[in-house]
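S.K.: Sequence plus predicted model, see below.
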Amino acid sequence: MLRLEKRRQPSQAFAYATPVMAVIATMIFGGLMFAALGKDPVAAIRTIFWDPLFGQHAFYYRPQLLVKGGPLILIAIGLSLGFRAGIWNIGAEGQYILGALGGAGVALAFYPMEGWFIFPLMILGGAIAGCAWAMIPGLLKVRFGTNEILVSLMLVYVAEQLLASMSLGLMKNPQGFGFPGSRNLQQYPSAHNADLIANTGMHWGVAAAFIAVIFAYILLTRHQLGYHIRLTGEAPRAAKFAGVSPARLILFCLGISGALAGLAGMFEVSGPAGQVSIDFNTGYGFTAIIVAFLGRLHPVGILLAGMLMALTYIGGEIAQSSMGLPAAAIQMFQGMLLFFLLAVDVLTSYRLRFGKGEVA
Amino acid sequence: MTEPLLSIRGLTKAYPGVVANDDVSFDIQPGEVHALLGENGAGKSTMVKMIYGLVKPDSGEMRMRGAAYAPAEPQAARASGVAMVFQHFSLFDALTVAENIALGMANPPALRDLAARIREVSEQYGLPLDPWRVVGDLSAGERQRVEIIRCLLQNPKLLIMDEPTSVLTPQEVEILFETLRKLKSEGTSILYISHKLEEIRALCDEATILRLGKKVATCTPRDTTAREMAELMVGAELHTPSRDYNEPGAVRLALNGLSVASPGQFGTSLKGITFEVRAGEVLGLAGVAGNGQDELLGALSGELRSAAGMVVLDGAEIGTKGPGERRRMGLLTAPEERLGHAAAPDMSLTENAALTAVDRRQIATNGFLNWGRARDFAKEIIARFDVRTPGTENAARSLSGGNLQKFVIGREVLQDPQVLVVNQPTWGVDAAAAATIRQAILDLAAGGAAVVVISQDLDELMEVSDRFAALNEGRLSDIRPAKGLTVDEIGLMMGGAHDMEVAHG
């Protein structure tokens, strides 16, 4: 018989080992799934994990890694702060959309004027819009005790409607021959979030992601606010006893995660995406939840997890086009990653015992 | 000599790094009340867990009426006639007494029949209990009755009771003892675990004393003084806290008609509490658990806010201020619940040292934490209060209850408070450590601080308090000088036996 026994102390070794174990388990079971679909499992796994980095066309895919990883990391860092405190913002996708609308809105308002100040204003606009969208569940929770999971999630669908309305109405390109979608910001120099070094994928959003990682690391390990976040997550009563105001913490965590998601949306719309369009959002806000947990809610872990997740995205696309794997299989594969992580995560606080024993 | 009911021979159980029980042997005779004594960590809990089938011994054997007895699980122990009342109740607040009892049964009869049985047993043993009442509305003493009746319904031959009186008023203790004596007269044996030596002297026939997992002595409690038993438990001479009496100084803390609604559904709201504590004075507040102690501590720590003038510290109205500000002004508190309230279980001792000491120990500058200072403070607490732990980076959860209690109290005392409020300062702490904590409280008062001690341990309150009052359903009794109060008077101040005095009438 298998039993779980609580450890006296959470195991440090397992805290580092479980993400690796989860990746390996995902490879094994994902391989089985690919085999069941009639594809060569080894080739599929290699296509997903190896080809984007070292394959024949890696020079094209490597920058993509940063382009995809940047927003994931940026959003996940924000989410992880709330998750650490037990505040569950599930609506980053909506805040991401609002950030894009805010940033693009600023840019389109100034079009066609040129000026150095436009891009910083767009950054501000994106952050504020995302933050404000996240404040809705925040204020409702603080004032009326609503569940932030439900409210933030439902606001994603509201945001999607808003996005559709904007790309068909207010923000539609007047010179776009009636096609939905805004002007292309890539062709508006003051608003274009171009690669900082050409063809590396390294745009301002990626830089912001790295800054966020460092900021979050310092916040959590060195600052009182980060200590209060961790304390609230570990022992809410002790946090209150220590003098943490739960309402203020809720607003801070939701606000910062909304602002970072908004930033990610703004950098995306002004860079890789280029325009506000109906299908602008591609699920970064939801995938970032997986990234946050895969990275164990630790800033450095999230950095690695974001890159890994970007890898499966890009590798998955390659596998789709070159091997004919269905898109759903790739999504299953990514889902497995979170599933296995949560499953093996138990080992950090519990130890497995074989055989029949006593209840201590 | 008759055949013993339960005979324990050479029972040994080791956990990684510690031998909980080392070759322990003793007998429990039929109809005997047998005390199991020892400090925290002496191995009492492991011993009863083995008897109740929760833990399997590494070696040694138990015989029940001469037949081999090795319960693999509590179910088997119950089938052999062993029942246990735990220190912490496992009852559902939202269900009735009868429903709670039915939940613990393998094949519960119809609720109506069960209720009749409950009534029958409760009358037979003088434990009045209405089977249809919701458990959330019951006092701690009544909840304990639910647990006891749950056991009695199985007609046990051996009843194990783990610290049963820690939640009872003196009158309720008397009722419980009457019940236990009645059980004994019917031939039921009782294994009784308690820290309260006077109780053991009043109730028990035999005592087995454990120290560090080994049996160190047996004695007949009636013929042994409490002090002798305590010294057998500790293995050293006991230090009795001493104090220098000073004239009380200026009023440091004053409550003026403090009324606060309880945040919890089954909590107790505070109703018009008024008292003053002066510099150099210790005010003892007695009361059975659940009479507003947690709420009072919360209202003083700042977790619960009141009108500004209801709480006055050194002349400043602070009722609306939060915990951080009150700490900066010198009002420190230590809640009863150590894990999860006074300390974060999975955080290290260093991090837990910073929990309340950030400002008074200058651990933070401009919001940035200086972990070196926090670690030094944790080390200081560990050294001064003899906290047994491998180091400051261990999780609070890994400490035993008594050691964590020393850490939590030490953290507040060493911050040099103007006013200290503690709730159950020595709960679950062994005799030697309890003496250390009480001495620290008295030293603090001698140094000019005002101290409020909330406790259910009357002996402790009598030892440390200058003045004494009791909390009952969120109200405070008259405040009286502690000297010369009798146990009966105290019991009445605490609200008597919750109108259950007729039980053995």
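M.R.: Noted; the coordinates are in hand.
S.K.: Please export the alpha-carbon coordinates of stretch A:118-128; CSV is fine.
M.R.: Extracted in CSV, the C-alpha atoms of stretch A:118-128 (Å, rounded to 0.1, in the frame of the first residue of the first chain):
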residue,chain,number,x,y,z
ILE,A,118,4.6,58.8,-27.0
PHE,A,119,6.0,55.4,-26.2
PRO,A,120,6.5,56.1,-22.4
LEU,A,121,2.9,57.3,-22.4
MET,A,122,1.7,54.1,-24.0
ILE,A,123,3.6,52.1,-21.4
LEU,A,124,1.8,54.1,-18.7
GLY,A,125,-1.6,53.7,-20.5
GLY,A,126,-1.2,50.0,-20.8
ALA,A,127,-0.2,49.5,-17.2
ILE,A,128,-3.0,51.7,-15.9
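S.K.: Check which residues of that stretch are buried.
M.R.: Within stretch A:118-128, the residues that qualify as buried are A:118-119, A:121-123, A:125-128, counting by 16 or more other C-beta atoms under 10 Å in any protein chain shown. The way it works is simple: take the backbone N, C-alpha and C, and place the C-beta from them, glycine included.
S.K.: Which of those residues fall within helices?
M.R.: A:118-119, A:121-123, A:125-128 (DSSP state H).
S.K.: picking that back up, chain B: which of the buried residues of stretch A:118-128 is nearest?
M.R.: When those are compared for distance to chain B (C-beta to the nearest C-beta), residue A:127 wins out at 21.6 Å.
S.K.: ok, now which ones touch the closest one?
M.R.: A:99, A:102, A:259-260, A:262-263, A:266 (C-beta atoms under 8 Å, 6 or more residues apart in numbering or on different chains).
S.K.: and the stretch 201-350 of chain B, which of its residues are near chain A?
M.R.: Proximity of the stretch 201-350 of chain B to chain A is confined to B:301-303, B:322-325, B:327, B:333, B:335, B:337, B:339-347 under the rule C-beta under 8 Å from any C-beta of the partner chain.
S.K.: Repeat the analysis, applying 10 Å as the threshold.
M.R.: B:297-298, B:301-304, B:321-328, B:333-335, B:337-348 (C-beta under 10 Å from any C-beta of the partner chain).
S.K.: Just the buried ones out of those, please.
M.R.: B:297-298, B:301-304, B:321-324, B:326-327, B:333-335, B:337-348.
S.K.: so who does residue B:93 touch?
M.R.: Going by C-beta atoms under 10 Å, 6 or more residues apart in numbering or on different chains, residue B:93 touches B:100, B:134-138, B:143, B:265-266.
S.K.: Could you give the backbone dihedrals for it?
M.R.: phi -60, psi -40 (degrees, to the nearest 10).
S.K.: pLDDT value on it, please?
M.R.: In this model, residue B:93 is scored at 83, pLDDT.
S.K.: for the stretch 301-450 of chain B, which spans come out with low pLDDT?
M.R.: Applying pLDDT under 70 to the stretch 301-450 of chain B flags no residue at all.
S.K.: For it, which residue gets nearest to chain A?
M.R.: Counting by C-beta to the nearest C-beta, the stretch 301-450 of chain B gets nearest to chain A through residue B:324 (3.4 Å).
S.K.: How about the residues of the stretch 201-350 of chain A by chain B?
M.R.: A:218-219, A:221-228, A:230-245, A:349.
S.K.: Show me where the stretch 1-150 of chain B has its strands.
M.R.: Ranges of strands in the stretch 1-150 of chain B, per DSSP state E, counting those that start in this stretch, are B:6-15, B:18-28, B:33-37, B:59-64, B:67-69, B:82-85.
S.K.: For chain B, what's the nearest residue on the stretch 101-250 of chain A?
M.R.: residue A:243 (3.4 Å).
S.K.: which residues does that residue contact?
M.R.: By C-beta under 10 Å, 6+ apart, residue A:243 lies in contact with A:228, B:301-303, B:321-328, B:355-356, B:358-359.
S.K.: Would you map the strands across chain A?
M.R.: With DSSP state E as the criterion, chain A has strands at A:2-6, A:350-354.
S.K.: Just checking: what are the partner strands of the last one?
M.R.: Take DSSP bridges as the rule and strand A:350-354 pairs in its sheet with strand A:2-6 (antiparallel).
S.K.: Now do the contacts for residue A:6.
M.R.: Per C-beta under 10 Å, 6+ apart, neighbours of residue A:6: A:349-351, A:360, B:397.
S.K.: out of these, who has the most neighbours?
M.R.: residue B:397 (18 neighbours; other C-beta atoms under 10 Å in any protein chain shown).
S.K.: quick one: what helix or strand has residue B:209 in it?
M.R.: Per DSSP states H and E: residue B:209 is located in strand B:206-211.
S.K.: Please compute how far that strand lies from its chain's middle.
M.R.: 20 Å (C-alpha atoms, centre = their mean, to the nearest Å).
S.K.: That one packs against which elements?
M.R.: strand B:18-28, strand B:33-37, helix B:44-51, helix B:197-203, strand B:214-219, helix B:226-234 (3 or more C-beta pairs under 10 Å, 6 or more residues apart in numbering or on different chains; DSSP states H and E).
S.K.: same thing but at 7 Å, please
M.R.: strand B:33-37, strand B:214-219, helix B:226-234 (3 or more C-beta pairs under 7 Å, 6 or more residues apart in numbering or on different chains; DSSP states H and E).
S.K.: tell me how far stretch A:295-312 is from the chain's mean position?
M.R.: 9 Å.
S.K.: swap in stretch B:120-130?
M.R.: Counting by C-alpha atoms, centre = their mean, stretch B:120-130 comes out at 26 Å from the chain centroid.
S.K.: Nearest spatial neighbour of the most centrally placed residue in chain A, chain-adjacent residues omitted?
M.R.: By C-alpha atoms, centre = their mean, chain A has its centre lying nearest to residue A:288, at 2.2 Å. Leaving aside its chain neighbours, residue A:288 sits nearest to residue A:75 (3.7 Å; criterion: C-beta to C-beta, 6 or more residues apart in numbering or on different chains).
S.K.: Point out the residues in the stretch 1-150 of chain B that sit beside chain A.
M.R.: Proximity of the stretch 1-150 of chain B to chain A (C-beta under 7 Å from any C-beta of the partner chain) is limited to residues B:54-56.
S.K.: Most neighbours of all the residues you listed, which one?
M.R.: Most surrounded of the residues of the stretch 1-150 of chain B next to chain A: other C-beta under 10 Å gives residue B:55, at 21 neighbours.
S.K.: and that one, what are its phi and psi?
M.R.: phi -130, psi 140.
S.K.: and what of residue B:31?
M.R.: The phi/psi pair for residue B:31 (degrees, to the nearest 10) is phi 70, psi 20.
S.K.: Now the closest residue to it other than its chain neighbours, what are its backbone angles?
M.R.: Leaving aside its chain neighbours, residue B:31 sits nearest to residue B:187 (4.7 Å; criterion: C-beta to C-beta, 6+ apart). Here is the backbone geometry of residue B:187 (degrees, to the nearest 10): phi 100, psi 0.
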